[in-house]
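J.: Predicted model, plus sequence, below.
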Amino acid sequence: MSVPSSPVVVSVVPGSPGAAAGLVTGDEITAVDGVRPRDIIEWQVATDAADVELDVVRGGIELTVEVAKREGEPLGVEIQSAVFDRVRTCDNHCEFCFIYQLPKGMRRSLYLKDDDYRLSFLYGNFTTLTRFTESDLERVITERLSPLHVSIHATDHETRNRMLKNNRGGMSLRWLRALLDHGIEVRGQIVVCPGVNDGDVLDDTLCGVLDRFPELSSVAVVPLGLSRYNTEPAMRLHTVAEAVRVVELVERWQAEYLRLLGHRMVFAADEYYLMAARPFPSADTYEGFPMHEDGIGMARTFELEFEGHTESPTGVRSGFFAAVDAPTPVAMPTRLPSNPAQYTGLRTRGVSHTHPNERLASATPRRAIGVLTGEFGAKVIAPLIDRLGRDDIRVIPVVNEFFGGNTGVTGLMTGDDLARVLADQPAGDRYLLPDVCLSDDGRFLDGSTVDQLPRLVEVVGTDGIALRRALEQAA
C-alpha cells in the first residue's frame, strides 16, 4: 500500500486558521516552517506553533501559505495518512501471522504487514522490534513516544528466532530492555502457538519476563488465530487441555508477579477462558483492564456495562481494523500537549461508525430483536440476555465461514456471512449489528456494506451500554 510522501489535506474546518489562510482539500503540504514532517507526530508538533508557514503544492503549482494562529490552536485540517515517509514493513515470516491467512481479493491495506514503532504508538499495533534502530530509540526517548506495544512470544532467543523466522528475533529484545531502561511504557503480547511456545516454553517465557523485563506494564497472552487459508502444517488449534494449562500458567504467574512486583502484569485472553470452559476472573483481577483492546477482560467489562455498573464504555473497540487498516483521515487533536511526555493522549484510534440505517425508534409494541454477534461473543452475551427474562430477544451467532478456522470473534464478521445468516431470519424484526466489524467508511472486511444485507440492521456501539440502550428502545 502506497502512502503520500507529504501530508495531504482531505478536509478543512470552516472558520479555522487553515481555512482563513486558504488551505483547500487536495493540498499537499511539503514543509512546515521549512521542515518536511515524516509522520503525524512531527506534523502535530510543527503545526502546534504560532503563525506557521506552509509550503504547499496545489495542482502542480508550488505555493507558500502563511497561517496566523495562536500557539496550541488547531490548524483545522484533516490529513490523509499517519505516516508520510514510508511505513516500515515487517521482515519476519511468522507462521502464525494472520496477514498471511487472508484470502485474495481484499483491500490492499489489509495485506500491509507493518513493524513500525510509530504505528505501535499511534494505533496500538504490535511491533517485534526486529527493524528498530539506534535512531528510533533516540527519537522514542526524546519525544517520549509512550506507550509502545511489543510482541514478545518467547524470551528464549532460539525460540523467538524460530517463531519469527528471523535471526534477529532473539537479539532484538535488547531494544525492549533499552526502552524500559529509559522509562518508556511498554505493553507486551505473547501469541501462543500449540506445540511451539505453549506449555513449558510459555512457563519459561513468563519466568523470563519477570527476570529480564519486570518493568513491563502488562503482558497479554492470546491464542493463535487460524483461518482456513493457513498453509503452515505446524499451526493448529488448541486442545481443551492445552487451553486449560495456559489459563493455569497465567494465573500461577499472576500470583507470583503480584507477590514480587505488586501487580499481576500478565493476563490471558477471554478466548482462553471460553476454550477452557472456565469462568472469567472477577473484574478487580484485571487491574483496570489495561489490555482491553487486545481481548483481555472484554467479557467482564461488557457485563459491567450491560448491567449498569459503569456509566461509560471501557476502552475503544476498533477490532481488526485498528491493527491492519488504520483509520483515515487522521484528525488533528484539539490541543497538542506542550510536554512530549503527554503524547500518550494523542492515540488516533478509530471511532464508532454510525450507519444511515441506524434508527431511534419509539413506536410500540415491541418488535422481536435479533442480536448479531460472533460465536465467542454469543457465549458472553447470551447469559446476559437470559437474565433480562425477555422472550422477544434472541442472540444470533454468526459462524465465520469466510475465514473459517477459529475466527469466532465479532470483529471478524463479514458481510457475506451476515447475509447468509440473515437470509434465514424473519423479516420485520429488529437486527442489532455491533460496529466493531465495520471500518470507518462502513465496510466489512470482505468489502461489502450494510446496505447489501438482506435485512435492515441497526448499527450499535460494541459495548454493553449501547446494547442495553438499543434493547430498551421500542420499535
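T.: On my side now, so go ahead.
J.: Quick one: end-to-end distance for stretch 267-283.
T.: One end of stretch 267-283 to the other measures 12 Å (C-alpha to C-alpha, to the nearest Å).
J.: Do a quick rundown of the helices in the stretch 1-150 of the chain.
T.: For the stretch 1-150 of the chain, applying DSSP state H, counting those that start in this stretch gives helices covering 17-21, 40-47, 117-123, 134-143.
J.: ditto for the stretch 301-450 of the chain
T.: Counting by DSSP H, counting those that start in this stretch, the helices of the stretch 301-450 of the chain are 319-324, 375-388, 415-422.
J.: Let me have those in TSV, adding mean neighbour count and distance to residue 394 as columns.
T.: All C-beta atoms are positioned from the backbone trio N, CA, C, and that covers glycine. Compiled in TSV, the helices of the stretch 301-450 of the chain are given as follows (neighbours: other C-beta atoms under 10 Å; distance: least, C-beta to C-beta, whole Å):
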stretch	mean neighbour count	distance to residue 394
helix 319-324	22	23
helix 375-388	18	8
helix 415-422	20	12
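J.: Now distance to residue 169 and mean pLDDT too, for these, in CSV please.
T.: Shown next, in CSV, are these (distance: least, C-beta to C-beta, whole Å; pLDDT from 0 to 100):
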stretch, distance to residue 169, mean pLDDT
helix 319-324, 20, 45
helix 375-388, 30, 95
helix 415-422, 35, 96
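J.: out of the helices of the stretch 1-150 of the chain, nearest to residue 443?
T.: helix 117-123 (18.2 Å; C-beta to C-beta).
J.: now the closest one: mean pLDDT?
T.: Averaging pLDDT along helix 117-123 gives 89.
J.: Stretch 255-262 too?
T.: 97.
J.: Could I get the buried residue list for it?
T.: residue 257 (16 or more other C-beta atoms under 10 Å).
J.: Could you tell me what pLDDT the model assigned to residue 166?
T.: pLDDT, residue 166: 92.
J.: cool, and residue 352?
T.: 33.
J.: got it, and residue 447?
T.: 89.
J.: so it touches residue 107, yeah?
T.: Yes. Under the criterion of C-beta atoms under 8 Å, residue 447 makes contact with residue 107 at 6.4 Å.
J.: for this protein, what spans make up the strands?
T.: In the chain, the strands defined using DSSP state E lie at 9-12, 28-32, 52-58, 61-67, 77-79, 148-151, 186-192, 218-223, 266-268, 330-331, 369-374, 393-398, 430-434, 458-460.
J.: mind listing what residue 50 touches?
T.: Neighbour list for residue 50: 69, 70, 71, 73 [criterion: C-beta atoms under 8 Å, 6 or more residues apart in numbering].
J.: again, only this time at 6 Å
T.: 70, 71 (C-beta atoms under 6 Å, 6 or more residues apart in numbering).
J.: How about the one 4 residues further on?
T.: Contacts were defined as C-beta under 6 Å, 6+ apart; by that measure residue 54 touches 29, 32, 65.
J.: number of nearby residues for the closest residue to it other than its chain neighbours?
T.: Of all residues not flanking residue 54 in the chain, residue 65 sits nearest, at 4.5 Å (C-beta to C-beta, 6 or more residues apart in numbering). Counted by other C-beta atoms under 10 Å, the residues lying close to residue 65 total 16.
J.: Use 32 as the first number from now on
T.: All right, first residue 32 from here; so that's residue 96.
J.: hmm, back to that, just say which of the helices of the stretch 32-181 of the chain is most tucked in.
T.: helix 148-154 (a mean of 24; mean count of other C-beta atoms under 10 Å).
J.: ok, back up a step: most tightly packed of the strands of the chain?
T.: Most buried of the strands of the chain, by mean neighbour count (mean count of other C-beta under 10 Å): strand 297-299, with a mean of 27.
J.: can you list the residues that contact that one?
T.: So strand 297-299 is contacted by 250, 251, 252, 278, 281, 284, 285, 322, 327 (C-beta under 6 Å, 6+ apart).
J.: and it, which strands flank it?
T.: Its sheet considered, strand 297-299 pairs with strand 249-254 (parallel) by DSSP bridges.
J.: Run the angle between the strand it pairs with and strand 217-223 for me.
T.: Interaxial angle of strand 249-254 relative to strand 217-223 (axes from the mean of the first three to the mean of the last three C-alpha atoms, to 10 degrees): 20 degrees.
J.: ok now strand 249-254, how far from the chain's centre?
T.: Centroid displacement of strand 249-254 relative to its chain, using C-alpha atoms, centre = their mean, to the nearest Å, is 14 Å.
J.: can you tell me the average pLDDT over it?
T.: For strand 249-254, the per-residue pLDDT averages 96.
J.: Ok, which of the helices of the stretch 32-181 of the chain comes nearest residue 115?
T.: Of the helices of the stretch 32-181 of the chain, the one closest to residue 115 (C-beta to C-beta) turns out to be helix 71-78, at 7.6 Å.
J.: Can you report phi and psi for residue 438?
T.: phi -80, psi 70 (degrees, to the nearest 10).
J.: With adjacent residues omitted, what lies nearest to it?
T.: residue 431 is the one closest to residue 438 (C-beta to C-beta, 6+ apart), at 4.6 Å.
J.: Residue 299 versus residue 449, what's the distance?
T.: Distance, residue 449 to residue 299, using C-beta to C-beta, to the nearest Å: 29 Å.
J.: neighbours around residue 456, how many?
T.: Around residue 456 there are 16 residues (other C-beta under 10 Å).
J.: How about residue 212?
T.: Using other C-beta under 10 Å, residue 212 has 10 other residues around it.
J.: How about the one 3 residues further on?
T.: One way to gauge burial is a neighbour count; for residue 215, by other C-beta under 10 Å, it gives 20.
J.: what's the answer for residue 458, then?
T.: Neighbours around residue 458, by other C-beta under 10 Å: 8.
J.: Which phi and psi values does the nearest residue to it once chain neighbours are set aside adopt?
T.: The shortest distance from residue 458 to any non-neighbouring residue, by C-beta to C-beta, 6+ apart, is to residue 486 (6.7 Å). Residue 486 adopts backbone torsions of phi -130, psi 150, taken as degrees, to the nearest 10.
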